[in-house]
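Trainee: Any chance you can model this:
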Amino acid sequence: MEPLAGYVFKAASEGRVLTLAALLHNHPEEEVRFLLSHVTQVVGQRSTPLIIAARNGHDKVVRLLVDHYRVNTEQTGTVRFDG
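Mentor: Numbers count the residues shown, from 1 in each chain. Next up, the predicted model:
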């Protein structure tokens, strides 16, 4: 399941809303919850798909995750900002 979580994270970080939806399609709710709450650690950042999508300004991905999948908006993580 973790390899798929990596693809979900990458799609969210790159703003690929259709790819993200396709990756999550036809998975049981329990697996989708795991994939969307999985914290990925990259270069000192600990982020969920929602956090990294918001960090990178991908509003369509954020809307999909919040409106359709009802992800936990209270889950914490860390991000780095330039400057």
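Trainee: which of the residues in the longest helix along the chain are buried?
Mentor: As assigned by DSSP state H, the longest helix anywhere in the chain is helix 2-14. Across helix 2-14, burial judged by 16 or more other C-beta atoms under 10 Å covers 5, 8, 9, 10, 11, 12, 13. Glycine gets a C-beta too; all of them are placed from N, C-alpha and C.
Trainee: Would you mind writing the CA trace of that helix as PDB?
Mentor: In PDB, the C-alpha atoms belonging to helix 2-14 read as follows (Å, rounded to 0.1, in the frame of the first residue of the first chain):
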ATOM      1  CA  GLU A   2       2.900   2.400   0.700                       C
ATOM      2  CA  PRO A   3       4.100   2.400  -3.000                       C
ATOM      3  CA  LEU A   4       0.600   3.500  -4.000                       C
ATOM      4  CA  ALA A   5       0.700   6.200  -1.300                       C
ATOM      5  CA  GLY A   6       3.800   7.500  -3.000                       C
ATOM      6  CA  TYR A   7       2.000   7.800  -6.300                       C
ATOM      7  CA  VAL A   8      -0.900   9.600  -4.600                       C
ATOM      8  CA  PHE A   9       1.400  12.000  -2.900                       C
ATOM      9  CA  LYS A  10       3.300  12.700  -6.200                       C
ATOM     10  CA  ALA A  11       0.000  13.400  -8.000                       C
ATOM     11  CA  ALA A  12      -1.200  15.700  -5.300                       C
ATOM     12  CA  SER A  13       2.100  17.600  -5.200                       C
ATOM     13  CA  GLU A  14       2.100  18.100  -9.000                       C
END
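Trainee: thinking again about what came up before, report the two of the buried residues of helix 2-14 separated the most.
Mentor: The span of the buried residues of helix 2-14, defined through C-beta to C-beta, is set by 5 and 13 at 12.4 Å.
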